[in-house]
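K.L.:
what's the 3D shape of this:
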Amino acid sequence: MATRQLDLTGYELVVSSDAALIKGIRIDDGARHICYCHSPMRCLWSGYESYRHAAPPLVRFTLSALRDHLCRWDYQAAQRVDFFIANSENVKARIQRFYGRESVVIHPPVDTQRFIVDSRTPQRDGFFLTVSQLVHYKRIDLIVDAFTVCKLPLLIIGDGPERQKLERRAGKNIRFAGSLPQRHVVKAMQPCKAFVFAGEEDFGIVMAEAHACGTPVVAFAKGGALEIIEDNLTGVLFDESSVDSLLQALDRFDHASFDPELIRASAMRFTRQRFLDEFTGLLRQCIFHGAPDGAIPHAAPGWISCGGSISLATEGPSPVAQPNMPSSQP
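P.N.:
Got it, this is the predicted structure:
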C-alpha cells in the first residue's frame, strides 16, 4: 500500500533501487521504469527458509500465511518494470529464475579511494577479520565455531541479534568489537591476515572492499563471492557451508602466498567511476536508442523523449540467504 501511494506522476523516467517492494511503484502510462535490482525479495524467494528459521513464531506464521499472495504480487510488479539492471551475475540468474526477465549486470561501486593498501602496514601475520551484521543468514556461527577449533586470532566487527549467542560459543581467541565507523573498518582490513566470509551474498561488496585494501579473502564459494575472488590468487574459496570445509580452506590459505598489489588491482574492476560510466551509459542508450536487445521484452522501442524529468526511487539492499520458492509461484 505504501509503495503504491508514492506519487510519481509527471515523470517520464523512473529509476528504482530495489531489494523488496519498491519495484511495485505506480507510474504514468507511457512513462518507463528502470530497476536496479539487488535481489528479488529474499524473504519470499531465495532466502525464505533462512528467514523463516530465524523469525519469531508470530512473524514465521504470518510470513507462511502470506507468502503465496506476496509472491504473486511481487511477480506481477516485476512484469511492469521495463528494464532490469542486476547488481551481479548471481542476481541476474535470480531475476531470470523468479521473474522470467532478462537483465544487464552492473556491479555496485567500491570506494577505492578510501579502501586502499597501506604501505606502512607490516607483514600480514596477525589476526583474521570478519565484518558483518550478526544475523543468522550471514553464518557468523560457522566462522566462530571454526576459529574456536583452530584457535587463530579473529576480530569480528558488527552487531546484531545473534551477538550474545555467538559470544557464548566463541573461544578466547575471538574478539567482538561491535559496530565501528568506516575508518576503523579500513584500519582493520589493511593489516589483517585475511578477511573471512561464510555467507552467500547477492554481490558481497565488503569482500571487494577488503580486496581494495590488498587483503585476501577466505569465502564460501557461492553467490557473489565467485565474481569477486579468484581462488588461490586473490583468496581461498571453500565449497561446503561447514566448519570442516572452512578449516580446510584456512589450512590451504596458510600454505599460500598472496600479492597485495595484485589483489588491489582485482578490486579496481569495481570503482565508483566505472559504475557511473556504465550506469549513465546504459541510461543514455535507453533514452536515445532504446534498451539493449532482449533487455526489455515487454517494452516498445524508442520509448522516451529527451526533455522529460527523471525521478529516483530508492530502497537499500537488505540481507541475503538461499532456499526455495513456493510451488504456487506463477
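K.L.:
Spatially, what comes nearest to residue 177 if we skip its sequence neighbours?
P.N.:
residue 157 (4.9 Å; Cβ to Cβ, 6 or more residues apart in numbering). (Glycine included, C-beta is placed from N, CA and C.)
K.L.:
measure the one you found to residue 180 for me?
P.N.:
Per Cβ to Cβ, to the nearest Å, residue 157 is found 5 Å from residue 180.
K.L.:
Common neighbours of the two, please.
P.N.:
residue 188 (Cβ atoms under 8 Å, 6 or more residues apart in numbering).
K.L.:
Give me the more crowded residue out of the two.
P.N.:
residue 157 (20 against 14; other Cβ atoms under 10 Å).
K.L.:
For the more buried one, name its beta-bridge partners.
P.N.:
residue 131, residue 178 (DSSP bridges).
K.L.:
ditto for residue 37
P.N.:
According to DSSP bridges, beta-bridge pairing links residue 37 with residue 18, residue 86.
K.L.:
ok, now which ones touch it?
P.N.:
18, 19, 23, 84, 85, 86, 87, 91, 95, 103.
K.L.:
The fifth one: what's it in contact with?
P.N.:
With contacts defined as Cβ under 8 Å, 6+ apart, residue 85 is in contact with 34, 35, 36, 37, 103, 104, 105, 106, 279, 282.
K.L.:
Out of those, which one has the lowest pLDDT?
P.N.:
Among those, residue 282 carries the weakest pLDDT, at 88.
K.L.:
That one - how many residues pack around it?
P.N.:
As a burial measure, residue 282 scores 19 neighbours (other Cβ under 10 Å).
K.L.:
isn't residue 48 right up against residue 67?
P.N.:
Yes: using Cβ atoms under 8 Å, residue 48 is in contact with residue 67, at 6.9 Å.
K.L.:
Between those two, which has more neighbouring residues?
P.N.:
In this view residue 48 and residue 67 are compared by other Cβ under 10 Å, and residue 48 has more residues nearby, 22 against 19.
K.L.:
ok, that one to residue 12 distance?
P.N.:
For residue 48, the distance to residue 12 equals 36 Å [Cβ to Cβ].
K.L.:
With residue 115 instead?
P.N.:
Per Cβ to Cβ, residue 115 is found 37 Å from residue 12.
K.L.:
what about these two, which has more around it?
P.N.:
Legend: neighbour count by other Cβ under 10 Å for residue 115 and residue 12, higher for residue 115 (23 against 19).
K.L.:
Who are the contact partners of that one?
P.N.:
Residue 115 makes contact with 186, 189, 209, 210, 212, 213, 267, according to Cβ under 8 Å, 6+ apart.
K.L.:
Swap in 7 Å and give it another go.
P.N.:
Shown in contact with residue 115 (Cβ atoms under 7 Å, 6 or more residues apart in numbering): 186, 189, 209, 212, 213.
K.L.:
burial measure for the nearest residue to the last one once chain neighbours are set aside, as a count.
P.N.:
Spatial nearest neighbour of residue 213, chain neighbours left out: residue 189 (4.2 Å); criterion: Cβ to Cβ, 6+ apart. Using other Cβ under 10 Å, residue 189 has 25 neighbouring residues.
K.L.:
Tell me who's in contact with residue 189.
P.N.:
115, 129, 195, 209, 210, 213, 215.
K.L.:
Quick check, pLDDT for it.
P.N.:
Note for residue 189: predicted pLDDT of 96.
K.L.:
Could you tell me how far it is located from residue 239?
P.N.:
25 Å.
K.L.:
try residue 96
P.N.:
24 Å.
K.L.:
Show me the domain layout of this structure.
P.N.:
For the chain, the domain assignment from automatic domain parsing gives the residue ranges 13-108+271-314, 128-270.
K.L.:
And stretch 217-237, end to end?
P.N.:
In stretch 217-237, first residue to last residue: 8 Å (Cα to Cα, to the nearest Å).
K.L.:
Could you do stretch 134-142 as well?
P.N.:
End-to-end distance of stretch 134-142: 12 Å, with Cα to Cα as the criterion.
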